[in-house]
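[1] take a look and give me a structure for this.
(3 chains)
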Amino acid sequence: MNPTRRHLLGSALTLGAMQLFPGMSHAQARKLVFATFTGSWEEAHRDVLVPAFKKATGQDMLLDAMLSVDQIAKVSAARSNPPIDVMLHDPGPALTAISQDLVEPFPVAGSKNFKDLIPEAQDPMGPSMFFQVVGLTYNPDKIKTPPTSWADLFKPEYKGRVGITNLNSTLGTGFLVELARMNGGSEANVEPGFKAIERLKPSLAAVAANPGALAALYQQGQIDISPGNFNAIQILKARGVPVEFVAPKEGAIAFKTSIHIVKNTPNKELAAALIDVALSPEVQTRLMQSPYLVVPTNGKVKMEGEIAKVLAKDTAELKKKFVFQDWKKINEQRPEWIARFNREIKV
Amino acid sequence: MSSAQRQAPSTLVLQGVLFGVAALAVLLLLAPTVVVIVVSFTNGYSLKFPPPGYSLRWYAALADAWQLQFAALNSLKVAVGATTLCVLLGVPAAMGIARSESKTARALDSLFMSPLILPALAFGLASLIYFSRLHVNLSLATLVAGHAVVGVPYVIRTTVAALSQLPPALLESSASLGASRAYTFRRVTLPLIAPGIAAGAFICFMSSFDNVPVSLFLRDAATDMLPIRMWQDLEGKLDVSIAAVSSLMVLVTLVSMIAMERLTGISKRIR
Amino acid sequence: MKNAVSVSGYSVAFAAPLAVYFLLFFVAPLAVLVFISFYADPQLGRMGLDQYRTIATDGFSLPVLADTLWLGVQVTLLCLLLGYALSWSYVRSPPPLQKVLMLIIVMPLLTSVVVRTFAWVVILGRQGIVNSALLDLGWIDGPLKLLYTRGGLVVALANVQLPLMALPLITALQKLDPNLEDASAALGASAFRTFFRITLPLTLPGIVAGCLLTFAASITAFISQSLIGGGQMLFMPMYIYQQASTLQNWPFAAAISLVFLVAVLACVALFNQLGRMSRGHAAG
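    Down below sits the predicted model:
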């Protein structure tokens, strides 16, 4: 057989082999992809949202856990054919996503649950699905007196036991701004914050890649105290890992997290359906309960139990007690902060 | 005789040192596997060693771990596809370059082996950018294409080695007895090099299943791959069910390794 | 003769399908990588040498590269110590033990790197074996920080890559003519002298081969560097991944991966040269 015929035969065999394996051709319709957050969020959504979606639409969906900033990067790199259908965003990246024209408006008219949301959550470009709270988390078995202030992280007795995340997450960036504020700065002037981190470096046991990883460090006993996300530790607590949340006296940071349909998604109707399911009282109530303790945005859901005790009884109290940061200002400089942090944090 | 007596103590000391370090090395090679298997039976949520108690719960949890299952199935599909492609393309290539002194053959040999030397990460990124510029969507097919490139050197290496060990006299006598080249290949060569091909295919399969650098860039949520999924789970949650998955993978590797050693004497072929 | 190829060889044309495949799926992507690295901005607007200029002058990228290569050196040296002792003991073991040893050495190569690295996370963790053992022995008061340290990373990597070092060394030691060692002993040399003057130099090609494989593997060990090194250590693999995937800055990612590729190739060439020289030395 001469080489050309052999080549053609080879190609034909290859193509034939590929046809034998379904899922390898890209002509198939793909399942809905929801980019959620890492760690306890992924678990909460996997346990509650995925089955609820299946019940409502009869379809399966996929979870791809990544930080908000990573979602923006992935979607803006492939605008015409995004790998994600529904995004979850903290306030900073949400502003970026909308301003960069990466999202579609949510079809409010067709939604059962949108009108039940509290007024702050009703944004047609991306309704808010829950609130997050950031404060101090610590291991009560190792640290007997609960910390009361961000400054407690710098205590010499905690040397080698402190954990933080990098600035890619809202947790990390919010913490930096609070450190700056504590030292005379603000969202506009975050230099005191960086200086504070430099002072904190010798105490650091680990710098985690995301809040989920930070929470996992408690599980392994690698850290005993850190700035932490209220929800990130709840599932661990439920499993008996010793970890507690406490709001620092300077005020815990609160922010709303919104859910968006990605522009040019092939699964627009399913994406809208998922968001409606996520805003429904059933899902929000389930997520509010133990062990997830997610702060709801649907007005029909009363804040009860752990959340009412530890955080706030209703949204009005939430708005009074907690610090809300200026994400528009933060967004302007976040990329430089991230680059600077990555340089300075290296041992 | 006196020189032998003079040597004995130094020999013993040398042997003591080297055997001692070797024993340490063996311990270090075995410890990870043992640790992972033991930890997978823990009844708690942390990776404490020794575990506080024992239970099969994490193996039971695997039944619900649909993300891991999905990723494992994808990895399996891609590994089968890539290995098939590697054998279909690699065996003829090995035949073409084995025992050939021509400059083309030497150059092709270097080309085909180069994925082994280049950092596969650079190749993974290159593939991602390449497919994106060509507007080819990422899928299991693009993963197969990438894995095949980094896997085919293994098939070629073992097949070339097998071909080199064929006594030329065997082929010449087959020809002199009137057999056509195709017949000689089918009835003489192929059966003799089959173990070599199988060994190469096995290594190609395992390296594809465990591949990180190429999968890292070419995967997305719909084509999740097991090593990447496990890494992300480990980074984000430290889920003990990863220990259970790991133990199962070790068991499968052990069993298939022993089988391949029996069938093809694989340990001699990957040196 | 119908064609110039003898009956025991096959025409080079048999390699054509794979050659075409490699052109399409190996050479072309790398060419695209080079091309992309010459864009000056992530939006792929203008061309320029900006990415390379940034790498040369930002005071960050080159140290990351240097640190990555240094990590490779550290791991290779530790691996050489462990691997040589292991291989030396292997060739002096009885055949049944050799079978078992070979299984133990080869199996990690076929086990997923995530699994092996995960095992080291368990071993080095604050609640892991090493700390548990040291605490039980009373040698330390509180658990040591082994994870997320340079030392922990070097030890873990050396163990993960140990088979790559051991296999070429075993091959080299098996090729060693035992008569040479006997002759040296008969001439009155101590075992150490024989080892350092005869055995080591004659197995130099194997040492170079093992070092090359270990070095290349350890500097590209993305998973191990990430899981055991932690967030405060940055090496080239994670740097490339961050720039490409997280920041979607493809031109810069392409540029640093090419710089990395060239550095690795330079090291490979260096090792190959050492290998050639050592073969001459071993033969002479």
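[2] and residue C:89, its phi and psi?
    phi -70, psi -30 (degrees, to the nearest 10).
[3] nope, residue A:103 is what I meant
    When quoted as degrees, to the nearest 10, the phi and psi of residue A:103 stand at phi -120, psi 160.
[4] test for you: state the pLDDT assigned to residue 145.
    Looking at chain A here, since you left the chain open. On pLDDT, residue A:145 comes in at 93.
[5] meant chain C actually
    At residue C:145, the predicted lDDT confidence score is 87.
[6] name the element it belongs to?
    Using DSSP states H and E, residue C:145 falls within no helix or strand.
[7] so who does it touch?
    A:160, A:205, C:126 (Cβ atoms under 8 Å, 6 or more residues apart in numbering or on different chains). Placement of C-beta: from N, CA and C, glycine included.
[8] distance of it from residue C:228?
    12 Å (Cβ to Cβ, to the nearest Å).
[9] need the helices for chain A, in chain order.
    A:3-20, A:40-44, A:50-57, A:68-77, A:91-99, A:170-182, A:191-200, A:211-219, A:234-238, A:268-279, A:281-288, A:305-310, A:315-321, A:327-344 (DSSP state H).
[10] tell me the average confidence for the first one?
    Read it as helix A:3-20. 43.
[11] so where's the stretch 1-150 of chain C uncertain?
    Applying pLDDT under 70 to the stretch 1-150 of chain C flags residues C:1-8.
[12] write out the residues of the stretch 151-284 of chain C neighbouring chain B.
    Residues of the stretch 151-284 of chain C lying close to chain B by Cβ under 8 Å from any Cβ of the partner chain are C:159, C:162-163, C:166-168, C:170-171, C:185-186, C:188, C:190-192, C:195, C:216, C:219-220, C:222-223, C:226-227, C:237, C:240-241, C:244-245, C:250, C:253-254, C:257-258, C:260-261, C:264-265, C:268.
[13] what about burial for the residues you listed, which qualify?
    Of the members of those, the ones counted as buried by neighbours, 16 or more other Cβ atoms under 10 Å in any protein chain shown, are C:159, C:162-163, C:166-168, C:170-171, C:185, C:190-191, C:195, C:216, C:219-220, C:222-223, C:226-227, C:237, C:240-241, C:244-245, C:250, C:253-254, C:257-258, C:260-261, C:264.
[14] next step: those residues restricted to helices.
    Among these, the ones falling in helices (DSSP H) are C:159, C:162-163, C:166-168, C:170-171, C:185, C:191, C:216, C:219, C:222-223, C:237, C:240-241, C:250, C:253-254, C:257-258, C:260-261, C:264.
[15] so what's residue 112 up against?
    Assuming you mean chain A. Counting by Cβ under 8 Å, 6+ apart, residue A:112 has contacts A:276, A:280.
[16] wait, chain B was what I had in mind.
    B:90, B:93, B:97, B:152, B:153, B:156, C:15, C:18, C:22.
[17] now the helices of chain A in TSV, with distance to residue B:246?
    TSV is the format used below for the helices of chain A (distance: least, Cβ to Cβ, whole Å):
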stretch	distance to residue B:246
helix A:3-20	30
helix A:40-44	20
helix A:50-57	25
helix A:68-77	26
helix A:91-99	34
helix A:170-182	29
helix A:191-200	35
helix A:211-219	17
helix A:234-238	22
helix A:268-279	33
helix A:281-288	31
helix A:305-310	34
helix A:315-321	42
helix A:327-344	31
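[18] chain B: which of these is closest?
    Nearest to chain B among the helices of chain A is helix A:211-219; the distance by Cβ to the nearest Cβ comes to 3.8 Å.
[19] can you name every helix or strand that that closest one contacts?
    For helix A:211-219, the packing partners by 3 or more Cβ pairs under 8 Å, 6 or more residues apart in numbering or on different chains; DSSP states H and E come out as helix A:40-44, strand A:162-165, strand A:204-208, strand A:225-229, helix A:234-238, helix B:226-236.
[20] was I right about residue A:274 contacting residue A:53?
    Yes - Residue A:274 lies in contact with residue A:53 (Cβ atoms under 8 Å); the separation is 5.6 Å.
[21] thinking again about what came up before, out of the contacts of residue B:112, list just those in helices.
    Judged by DSSP H, these include B:90, B:93, B:97, B:152, B:153, B:156, C:18, C:22 as members of helices.
[22] so which residue of the stretch 1-150 of chain A comes closest to chain B?
    For the stretch 1-150 of chain A, Cβ to the nearest Cβ, closest residue to chain B: residue A:64, 3.5 Å.
[23] which non-adjacent residue is nearest that residue?
    Nearest non-adjacent residue to residue A:64, counting by Cβ to Cβ, 6 or more residues apart in numbering or on different chains: residue B:221, 3.5 Å away.
[24] tell me which residues touch the residue of the stretch 201-347 of chain A found nearest chain C, please.
    In the stretch 201-347 of chain A, the residue that lies nearest chain C is residue A:207 (3.3 Å; Cβ to the nearest Cβ). Neighbouring residues of residue A:207 by Cβ under 8 Å, 6+ apart: A:163, A:164, A:165, A:166, A:345, C:230, C:231, C:232.
[25] could you single out the nearest of those to residue B:245?
    Ranked by distance to residue B:245 (Cβ to Cβ), the contacts of residue A:207 are led by residue C:230 at 22.6 Å.
[26] for that closest one, what are phi and psi?
    For residue C:230, the backbone dihedrals are phi 90, psi -180 (criterion: degrees, to the nearest 10).
[27] and it, what does it touch?
    Applying Cβ under 8 Å, 6+ apart, the residues contacting residue C:230 are A:206, A:207, C:147, C:148.
[28] ok, and the most crowded of the residues you listed?
    For these, the largest number of neighbours (other Cβ atoms under 10 Å in any protein chain shown) sits with residue C:147, at 27 neighbours.
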